[in-house]
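[1] what follows is a protein structure lacking sequence information:
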Ligand SMILES: Nc1ncnc2c1ncn2[C@@H]1O[C@H](COP(=O)(O)OP(=O)(O)OP(=O)(O)O)[C@@H](O)[C@H]1O
Ligand SMILES: [Mg+2]
């Protein structure tokens, strides 16, 4: 099956322009004429994943594969890892510092929203080694 | 999509400079054979290309002033931004009477629509998705539908003020004068092309003609000179809050005064929408009012006066406007609600997704070889748009790559 593969570096020091990768993916999905529901779900979930890589890890790489009927996204970082995935997935759980909260992040809604908007989600993480979040989306 | 042109470049005046192309917020403009061309489907009517053109080459299409008076019963809907267009206008009734003399049977102030919407927001505040993005500026609404799909649900479903007064005026004329809809001509006198685009596409059932303020300006000046106290009619019914909605000063909606964000100018609006889409500053803001034109509607491209001066003049009217009893009371506002707005994708490479996928791969391959300078020399606003055009079959040449 034909697919478009894209790879984006997510700069861990750049709060201000964070969101480039999801923005670019959104544009590609629009070029493809994907249903708006899918574009919205991908844009929101991927942005949350991107920002998590910046806030909680030191940035990473987003690998994206786009098919005519869906999207697969791998967000890979070499950050500190997640100690308890179940806890991290709970609404409102956050380890964000006060400074980060001051910037408007840290409500503990990122991972739950990713789960809500993606059709498939898997987290692979190891303390001190890094985290890979997989998000799968299907045209509904 | 409609083929109708709303804005066009006049070939004899257009020099093919790329100022308009670079300013267009939706990448709707290309330069070909030394002239600018506008992709109508992508035009939101923001007026940027009109304002930036040094040669006055942009033509915005409005309805013909000769249509005024052609219906059995002619209603004018008058936007408050035009109250700021005159030197020493102390009495709005003089202006409204002059407009009536152009051939109207009835004058309705769009300001009243703004007042009704203010009430509507008080009623509906808990039901609408926050932050609410005001529906007042149709250019902004269209921009969101084209470029910001995650924000489409935040657009207020309420009518824009023009539509509210149009609907009420038609109902009133039908009831009190026993007229049929076909007898009634509803004319919107406005400052911007965005209203033309919006009314033609989505409100043609309640607004028949859209007239540019600039097209009646000189007739109005002449008419206003003739009016003295004896033939001046008492036409203005609006309160200050409705009238000041003609410019974006943030005063119009009392309800949200503490937690509302207001901005104008397309660049400013884009930066706010970008931030909103990223989820920033959502928590403290309930209401967002964005106007494509700097200073709001006073800055509309079909107005005559300098926008900042027009805003000042509008403000100066405040002391002249008496506090008036509201003429309308509604307990339900469902009659003034649109169907929820939908995303409008004008960037798809093909209607067939498999084909679009092939084209997109080709496009990214081409893009990867481009200099990414977005210089515009090729006639496309960005390297990305260049690649898009090439896969869509348009001939383009990039100065920076050999061959091709
Ligand atoms: N890539 C990651 N690396 C390390 N820890 C992570 C990563 N992503 C999430 N976490 C951990 O999971 C917690 C919950 O993440 P979630 O995205 O739900 O909330 P948040 O990022 O803290 O706040 P919000 O997303 O609402 O701004 C984070 O506080 C953090 O401890
Ligand atoms: Mg998060």
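    Alright, I've got the coordinates. Not measured: the values here are computed from a predicted model. Numbers count the residues shown, from 1 in each chain, chains lettered A, B, ... in the order given. Ligands and ions are numbered 1, 2, ... in the order given.

[2] may I have the predicted confidence score for the nearest residue to residue B:294 once chain neighbours are set aside?
    Excluding its sequence neighbours, the residue lying closest to residue B:294 (C-beta to C-beta, 6 or more residues apart in numbering or on different chains) is residue B:265, at 3.9 Å. Using the backbone N, CA and C atoms, a C-beta is placed for each residue, glycine as well. Looking at residue B:265, its pLDDT stands at 97.

[3] what number of residues lie near the residue of the stretch 101-250 of chain B found nearest ligand 2?
    Ligand 2 sits closest to residue B:150 of the stretch 101-250 of chain B, with a gap of 16.0 Å, by C-beta to the ion. By other C-beta atoms under 10 Å in any protein chain shown, 21 other residues sit near residue B:150.

[4] so what's the residue in chain A that ligand 2 sits nearest to closest to, chain neighbours aside?
    Going by C-beta to the ion, ligand 2 is nearest to residue A:110 of chain A, at 2.4 Å. Spatial nearest neighbour of residue A:110, excluding adjacent residues (C-beta to C-beta, 6+ apart): residue A:48 at 4.1 Å.

[5] residues from chain A in reach of chain B?
    A:2-4, A:6, A:18-19, A:26-28, A:30-34, A:36, A:39-40, A:43-44, A:47, A:66-69, A:103-104 (C-beta under 8 Å from any C-beta of the partner chain).

[6] all helices of chain A, in order?
    A:20-31, A:36-56, A:85-88, A:98-102, A:110-117 (DSSP state H).

[7] got it, and the stretch 101-250 of chain B?
    B:110-124, B:138-147, B:161-177, B:193-202, B:213-226, B:240-243 (DSSP state H, counting those that start in this stretch).

[8] sketch out the low-pLDDT regions of the stretch 101-250 of chain B for me.
    B:250 (pLDDT under 70).

[9] can you rerun that using 80?
    Along the stretch 101-250 of chain B, segments meeting pLDDT under 80 span B:249-250.

[10] so which residues on it come close to ligand 2?
    With C-beta under 5 Å from the ion as the criterion, the stretch 101-250 of chain B does not meet ligand 2 at any residue.

[11] close to chain A: what parts of the stretch 1-150 of chain B are there?
    So the stretch 1-150 of chain B meets chain A at B:149-150 (C-beta under 8 Å from any C-beta).

[12] so where do the strands sit in the stretch 1-150 of chain B?
    Taking DSSP state E, counting those that start in this stretch as the criterion, the stretch 1-150 of chain B carries its strands at B:7-9, B:29-32, B:35-38, B:58-60, B:73-78, B:106-109, B:132-133.

[13] which one of those strands lies closest to residue A:131?
    Residue A:131 lies closest, by C-beta to C-beta, to one member of the strands of the stretch 1-150 of chain B: strand B:132-133, at 34.6 Å.

[14] which bits of the stretch 251-400 of chain B sit near chain A?
    So the stretch 251-400 of chain B meets chain A at B:277-283, B:342-343, B:345, B:347-351, B:353-354, B:356-361, B:363-364, B:384, B:388 (C-beta under 8 Å from any C-beta).

[15] for the buried ones among those, write the corresponding PyMOL selection.
    Listed next is the PyMOL selection for buried residues among those, using 16 or more other C-beta atoms under 10 Å in any protein chain shown:
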select buried, chain B and resi 277+278+279+282+343+345+347+348+349+350+353+356+357+358+359+360+361+363+364+384+388
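
[16] and the residues of the stretch 251-400 of chain B next to chain A, which of them are in helices?
    B:277, B:353-354, B:356-361, B:363-364, B:384, B:388.

[17] which one of those residues is nearest to ligand 2?
    Out of these, the member with the shortest distance to ligand 2 (by C-beta to the ion) is residue B:277, at 15.8 Å.

[18] correct me, but the closest one touches residue B:147?
    No - Residue B:277 lies out of contact with residue B:147 (C-beta atoms under 8 Å); the separation is 9.0 Å.
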